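>>> here is my input; please provide its structure:
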Amino acid sequence: NRLEAEKLLGMEITTLEEAKQSAKDLTKLGCHSVVVKGGHIGTANVASDILYSRDGGFQLFEQPRLERTTDHGTGCSFSAAIAAYLAKGLSIPDAVKNSKGLVWHAIKYGLPVGEGHGPVNPLALLYKKAKFTDLL
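Numbering: from 1, shown residues only. Have a look, this model is predicted:
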């Protein structure tokens, strides 16, 4: 997350260029690859995440921004999805790309329960696929 990167590096991250620099700086702490989840970095209409790998350089992952209140758990779902995709043998960039899509759907089809920000629905893609097979 952008906020955690700011704390670790003692810097403010408000632009994509600063997010890129922070990802690169974090690899100097011993990581091979770093994702800085931007959230509100960049434009108002796009959610941008930056991946930096020592051997692969920078990659930008973007999705249309969703204005929803079902956004609790995005970071946890994102990191868990990356770990799962890596365990399935995907490359780091592919794991990040797939995870970003999974989280986008999890927000879009989040669960509006309780008060305030509701939880994301990390099973949204599974439900979507199940509905599709119902049509066949």
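>>> only C-alpha atoms from now on, for both contacts and neighbour counts.
Fine.
>>> any idea of the pLDDT on the closest residue to Arg54 other than its chain neighbours?
Excluding the flanking residues, the one nearest Arg54 by Cα to Cα, 6 or more residues apart in numbering is His32, at 5.8 Å. Looking at His32, its pLDDT is 95.
>>> just the helices in this structure please.
Counting by DSSP state H, the chain has helices at residues 2-9, 16-27, 74-87, 92-108, 124-135.
>>> on that earlier part again, run a quick neighbour tally on the residue nearest to Arg54.
A count of nearby residues for His32, using other Cα atoms under 10 Å, gives 14.
>>> among the helices of the chain, which is nearest Arg65?
Arg65 sits nearest to helix 92-108 of all the helices of the chain, at 8.6 Å, using Cα to Cα.
>>> that closest one vs helix 74-87, what angle?
Relative orientation of helix 92-108 versus helix 74-87 (axes from the mean of the first three to the mean of the last three Cα atoms, to 10 degrees): 140 degrees.
>>> could you pull out the buried residues of helix 92-108?
Counting neighbours by 16 or more other Cα atoms under 10 Å, one finds that the buried residues in helix 92-108 are 92-93, 95-108.
>>> ditto for stretch 71-89
Within stretch 71-89, the residues that count as buried by 16+ other Cα under 10 Å are Asp71, His72, Gly73, Thr74, Ser77, Phe78, Ser79, Ala81, Ile82, Ala83, Tyr85, Leu86.
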